[in-house]
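A.B. asks: everything below, folded, please.
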Amino acid sequence: MALTSASYTPQAPLELRSPSSSSGLVPLRRRQAWFPFVGGRTRSSSAPQPLELCPTKLSFAALPSAFDQLAPAPASENEKREIEEEAGGRGAGQRELGVGFISIKCCGGKGQTDSSSITWISDDQWYPDETGCQSIARASPDNYTTGHDKVRYFYIGNAEKRCYSLPTTPDHDYLIRGTFPFSNTVLGSESPTFDVLVGVTPIGLVDSSGESQVESIFRATDQYTDFCLVQETGDPYISQIELRPLYDDSSYLDGKDSAVLLKLVDRVDLGNSGNTIRFPDDPNDRLWTSPDTERVSLSAITAINNTISKAAAKVPLKVLETAITNEYSFQFLYIDLETRDCNYTIFLHFFELDDNVRPGQRVFDIYLNNEKQKANFDIREKGSNYSEVALNVTANGSLNLTLARVENRSKFGPILNAYEIMQIRKWVQGTNQRDVRVMDRVKDGLLQQNKENKKLEGWSGDPCQPSSWDGLACHYSNGSTIITKLDISSSQLLGQIPTVISQLTYLKELNLSNNGFTGKIPEFPRSSMLTAVDLSYNDLSGSLPGTLVTLPHLTTLNFGCNVHVSADPSTFNRSRLTTEYDILHMFQSVLYFNLASGDSAYFNDFCCSGLTFLHTFAERCIIHRDVKSSNILLDHSMNAKVADFGFSKYAPQEGDSGASLEVRGTAGYLDPEYYSTQHLTAKSDVFSFGVVLLEIISGREPLNIQRPRNEWSLVEWAKPYIRESRIDEIVDPGIKGGYHAEAMWRVVEVSLACIETFSAYRPCMPDIVRELEDALIIENNASEYMKSLDSIGGYSLGGSNRFSIAMKPPVLPPPPPTPPEPSPVNPQSMASVAPR
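C.D. replies: Numbering: from 1, shown residues only. Coordinates of the predicted model:
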């Protein structure tokens, strides 16, 4: 590509040749063992100008100190110890690399030291699972890789990410590099395509089309920086990660805040035909590669090779020992850049290797995309033999760099030792740092009891960007992304709720329901923004914290089905808070109204299902001990829920005493066998539930001493009528004629079975559920059901045996000589029962 400027005349293209070429081009060589530093000066005291994101000019002052005297800033013992712990420990030689010098081989072993004296660690402290590790079959590695033959694949869904969280120091500059080797042997049916991110800022796209490295220079904003892979198609993979702290001589981000980062496009050591130069020759471990001959369009090039002992330079001495020159001009062409307007910074490194050249004898112009960026440039103009130039340009798809001699003024043509091309990218602000730290601690707390939980495996990197973690909802507010919702319901999580969860400042919705959380419910600060909390269906214990129920913004609180949680509704913030107590009506308060029998059967079934859940609880049977109509709540849809578990306890097991220290219950509902023997079983709840059924049928209270003496106890009053099949005598007059006789008989017979004096004759709750379901079917579809009875036949409590209670009467020992079964119950003698 030829420039149109009249400041130089392009020469005919010639073949590019290396110093070892047998051509007649003779490399210029130094005649001294080392070239003395001429006229060095200190760094300019004036502050460098900010680099704008549009094309501008920017020059950098040379450093005063000799390159071989550069050393990392001293680190405290705590810093060294912390980074050694992060990196899995290092030897004495590795400590010379400085704090933050981390080299990771994915799926590799620990403590491997390569020929460059770099010690590599495994990534098992980030991803201990080896299911994604694969060996690769590929050609021998190029001269800038370590020859690592394994990659880690991440089998994740669309737009999911996996990250490596690396320790960094805020406001310090770092180089980070990822290696992505190519191999057909590990590619699936869909070729992987994925984004590479530093924090939440994209720095590259890997498409598995070949061996690739993605490198960036950034300024850390926090104590940890994430290096992430975000899936687009196929499964993302990676082989190596390298994090390098840049020392004080680095000027890549001078004059800029943390609003930008630099993505490496190319870094070239001109005149070098050998191996890539890196650590230890370059303390920053930049990879200086030999030039690509296809990029040099004017190639009448002389390669210069010399040995340098000292130089005030920002690049390795070995890089400055070689250069290319031409009598007139040379040009570098890049035609594979991104096809959109992007901002670039080009760093040019010059070192005059010919001691015959005096100031004013090598003067040339520098062009970018045919526009003169620097005129009459002279390396030795200011007395130094080293100079660095930084130029900014906006390019779309292609970029050319041209150096051309100034005609009629310069004796020698242009020279260039090395150059770097960096794309400027805007730093994307991540999620509010406080929220990030809290969520990291929440994740760590949950992982203690849920190490292989699938949901938690996907919690990697920034919680909200570029896509939020599963279960999180985020919102952009006041220049920052905040977490407003955490929903990890039905995630099979165990253990205690992390108390740090209360520190999510902007959280409005919290749903932890349908898990296996245990322990106490965390306290919440008064400043919490929570409006809705769901803790239901766990195994939490203790009381609801007063700080939770009185939160100023809380409007909905659900804590049902936590059998060991107690709550005092009188402490709730009634001006705002709605709980299940508010949306549920007490069953007893509507029981004595005229209910349709269908509704009665419906909430009978729901209540029965709740008790069945308790009695068949996976860990151990739970006995409610205080089943009564006032402890059954109904919502607006007539769904029943069992409430008030203050007296609940686990059923006795083998080895237990088998007796309760204190009888608990309510007069009228209390199992007489439990009262007399103090032996607690699940059948005690069955008796109480039978009394509730009788309440529904009759519309009477279980105990009413205002009635005639033979009617004080509902149980004793109803038994004779039921046994004589005179159920019309006990059915609430308010629902007579509004029920199906067969369905009513089923419910009556279930209640009679439940209130048997001896618990051995009572059915269990699953049998009761089946019978009540049968009654509900009869009530809802009487004619079809009666036809099915004719075709099925058989015997049950009331007819069909499809859901019937089938029990073998047990063989009981003769009853002990104890007083006969109490009838009726004397309320005053039941004082210890603590009626409520």
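A.B. asks: what are the ranges of the strands in the stretch 401-550 of the chain?
C.D. replies: Using DSSP state E, counting those that start in this stretch, the strands found in the stretch 401-550 of the chain span residues 415-416, 418-426, 472-477, 480-487, 494-496, 509-511, 516-519, 532-534, 539-543.
A.B. asks: so of these, which one's packed in deepest?
C.D. replies: strand 415-416 (a mean of 24; mean count of other CB atoms under 10 Å). For glycine as for every other residue, the C-beta is placed from the backbone atoms N, C-alpha and C.
A.B. asks: strands paired with that strand, and their directions?
C.D. replies: strand 322-325 (antiparallel) (DSSP bridges).
A.B. asks: quick revisit: and of the strands of the stretch 401-550 of the chain, who's closest to residue 149?
C.D. replies: For residue 149, the closest of those is strand 418-426, at 29.5 Å, according to CB to CB.
A.B. asks: elements contacting the closest one?
C.D. replies: Here strand 418-426 touches strand 201-206, strand 260-269, strand 342-351, going by 3 or more CB pairs under 8 Å, 6 or more residues apart in numbering; DSSP states H and E.
A.B. asks: okay, those strands in a markdown table with distance to residue 528 and mean neighbour count next?
C.D. replies: Formatted as a markdown table, these follow (distance: least, CB to CB, whole Å; neighbours: other CB atoms under 10 Å):
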| stretch | distance to residue 528 | mean neighbour count |
| --- | --- | --- |
| strand 201-206 | 32 | 20 |
| strand 260-269 | 36 | 22 |
| strand 342-351 | 43 | 22 |
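A.B. asks: select, out of the ones you listed, the one closest to residue 526.
C.D. replies: strand 201-206 (36.8 Å).
A.B. asks: helix or strand right after the closest one?
C.D. replies: The element immediately downstream of strand 201-206 (helix or strand, assigned by DSSP states H and E) is strand 212-219.
A.B. asks: which neighbouring elements make contact with that next one?
C.D. replies: Strand 212-219 is packed against strand 173-180, strand 193-198, strand 201-206, strand 260-269, with contacts defined by 3+ CB pairs under 8 Å, 6+ apart.
A.B. asks: other residues contacting that strand?
C.D. replies: If you take CB atoms under 8 Å, 6 or more residues apart in numbering as the criterion, strand 212-219 is touched by 144, 171-180, 182, 196, 198-199, 201, 203-204, 206, 225, 246, 252-253, 256-258, 261-264, 287, 422, 427.
A.B. asks: can you select the buried ones from those in ChimeraX?
C.D. replies: The buried residues among the contacts of strand 212-219 can be selected in ChimeraX (16 or more other CB atoms under 10 Å) with this line:
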select :144,173,174,175,176,177,178,179,180,182,196,198,199,201,203,204,206,225,246,252,253,256,261,262,263,264,287,422,427
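A.B. asks: need the strands of the stretch 401-550 of the chain in JSON lines (columns: mean pLDDT).
C.D. replies: Formatted as JSON lines, the strands of the stretch 401-550 of the chain follow (pLDDT from 0 to 100):
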{"stretch": "strand 415-416", "mean pLDDT": "96"}
{"stretch": "strand 418-426", "mean pLDDT": "96"}
{"stretch": "strand 472-477", "mean pLDDT": "95"}
{"stretch": "strand 480-487", "mean pLDDT": "96"}
{"stretch": "strand 494-496", "mean pLDDT": "96"}
{"stretch": "strand 509-511", "mean pLDDT": "97"}
{"stretch": "strand 516-519", "mean pLDDT": "95"}
{"stretch": "strand 532-534", "mean pLDDT": "93"}
{"stretch": "strand 539-543", "mean pLDDT": "90"}
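A.B. asks: okay if I get these as TSV plus distance to residue 767?
C.D. replies: Shown next, in TSV, are these (distance: least, CB to CB, whole Å):
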stretch	distance to residue 767
strand 415-416	91
strand 418-426	68
strand 472-477	45
strand 480-487	37
strand 494-496	32
strand 509-511	35
strand 516-519	28
strand 532-534	33
strand 539-543	26
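A.B. asks: which among those is found nearest to residue 446?
C.D. replies: So among these, strand 494-496 is nearest, using CB to CB, at 7.1 Å.
A.B. asks: just for the stretch 701-836 of the chain, where's the confidence low?
C.D. replies: Scanning the stretch 701-836 of the chain for pLDDT under 70 picks out 737, 782-836.
A.B. asks: give the bridge partners for residue 206, please.
C.D. replies: With DSSP bridges as the rule, residue 206 is bridged to residue 194.
A.B. asks: quick check: phi and psi at the closest residue to residue 351 other than its chain neighbours.
C.D. replies: Take residue 351 and drop its neighbours on the chain: the residue closest to it by CB to CB, 6 or more residues apart in numbering is residue 320, 4.1 Å away. Per-residue torsions, residue 320: phi -80, psi -10 (degrees, to the nearest 10).
A.B. asks: kindly provide the distance from residue 320 to residue 456.
C.D. replies: 51 Å (CB to CB, to the nearest Å).
A.B. asks: those two: who's more crowded?
C.D. replies: Legend: neighbour count by other CB atoms under 10 Å for residue 320 and residue 456, higher for residue 320 (25 against 21).
A.B. asks: wait, that one touches residue 386, no?
C.D. replies: Yes - counting by CB atoms under 8 Å, residue 386 is a contact partner of residue 320 at 7.2 Å.
A.B. asks: quick check: residue 388 is in a helix.
C.D. replies: No - read with DSSP: H, G, I helix; E, B strand; the rest coil, residue 388 is strand and lies in no helix.
A.B. asks: neighbours around it, how many?
C.D. replies: Number of residues near residue 388 (other CB under 10 Å) recorded here: 19.
A.B. asks: what do you get for residue 376?
C.D. replies: By other CB under 10 Å, 14 other residues sit near residue 376.
A.B. asks: what secondary structure does it sit in?
C.D. replies: Of the three states, residue 376 takes strand under three-state DSSP.
A.B. asks: for it, give me its contacts.
C.D. replies: Residue 376 makes contact with 363, 365, 406, 409 under the criterion CB under 8 Å, 6+ apart.
A.B. asks: could the residues you listed go into CSV alongside pLDDT?
C.D. replies: What follows is those, written out as CSV (pLDDT from 0 to 100):
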residue, pLDDT
363, 96
365, 97
406, 95
409, 87
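A.B. asks: got a quick PyMOL command for the buried subset of these?
C.D. replies: Of the contacts of residue 376, the buried ones can be selected in PyMOL as follows, counting by 16+ other CB under 10 Å:
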select buried, resi 363+365+406
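A.B. asks: closest one to residue 520 out of the contacts of residue 376, please.
C.D. replies: Of all the contacts of residue 376, residue 365 has the smallest distance to residue 520: 74.9 Å, by CB to CB.
A.B. asks: residues touching residue 319, list them.
C.D. replies: Applying CB under 8 Å, 6+ apart to residue 319 gives the contacts 269, 272, 277, 282, 288, 349, 417-418.
A.B. asks: re earlier: so which of the strands of the stretch 401-550 of the chain comes closest to residue 761?
C.D. replies: strand 539-543 (32.6 Å).
A.B. asks: hmm, who's touching that closest one?
C.D. replies: Residues outside strand 539-543 that contact it (CB under 8 Å, 6+ apart): 497, 516-521, 559, 562-568, 619.
A.B. asks: are any of the residues you listed buried, and which?
C.D. replies: 497, 516-518, 520-521, 559, 562-565, 567.
A.B. asks: tell me which two of these sit farthest apart.
C.D. replies: Farthest pair in the buried ones among the contacts of strand 539-543 (CB to CB) is 516 and 567. Separation: 20.4 Å.
A.B. asks: ok so, going back, of all the helices and strands packed on strand 212-219, which one is nearest residue 327?
C.D. replies: When the helices and strands packed on strand 212-219 are compared by CB to CB, strand 260-269 sits nearest residue 327, at 21.2 Å.
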